[in-house]
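Participant: How does the following fold in three dimensions:
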Amino acid sequence: MNIGDVANLSGLPAKTIRYYEDIGLVKPLRSTNGYRTFRESDAHKLAFLGRARALGFSIEDCRSLLALYSDEDRASAEVKEIAELHLDRIDKKIAELTEMRATLAHLVDACAGDHRPDCPILADLAMECRKDDQLEKSA
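Facilitator: Numbering: from 1, shown residues only. As a prediction, this is how the structure comes out:
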């Protein structure tokens, strides 16, 4: 299969497939003229990577998961550990986003949104800038 064929099968863009090759996640065969030749196993790996990336796993997590997937003697505990660490990262990000949303919602509610120049959103942003400046000066 050429890169277009494997892109259609895996659902990944050709640019992503080339990147995955560059970083060693897939290793297609090369013909004498230098063209990539993908096997069905490459298409399967690429689909696997696409799904893992869609779930937010990092490239290094994907590398580990792919190695474990290929290892028939793997312990599922290793796979679970990678997934649990990723789940923890997601939970932390959700908490950060929830806090960010609450702060922004409060600021939006506090802003009159009228013709006057007073704006609590800008005041809050400026206050955070002043805090950052004070931290840099005291460091």
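
Participant: contacts and neighbour counts: CA atoms only from here.
Facilitator: Noted.

Participant: Is the spatially most central residue of the chain in a helix, a strand, or coil?
Facilitator: Taking C-alpha atoms, centre = their mean, the centroid of the chain lies closest to Gly56, which sits 4.7 Å from it. What DSSP: H, G, I helix; E, B strand; the rest coil gives for Gly56 is coil.

Participant: Relative to Ile82, how far out is it?
Facilitator: 12 Å (C-alpha to C-alpha, to the nearest Å).

Participant: With His106 instead?
Facilitator: Plainly put, His106 is 36 Å away from Ile82 if you go by C-alpha to C-alpha.

Participant: which residue ranges form the strands in this protein?
Facilitator: Ranges of strands in the chain, per DSSP state E, are 29-30, 36-37.

Participant: For Gly24, give me the backbone phi and psi.
Facilitator: For Gly24, the backbone dihedrals (degrees, to the nearest 10) come out as phi 80, psi 20.

Participant: what's near enough to touch Tyr35?
Facilitator: Asn2 (C-alpha atoms under 8 Å, 6 or more residues apart in numbering).
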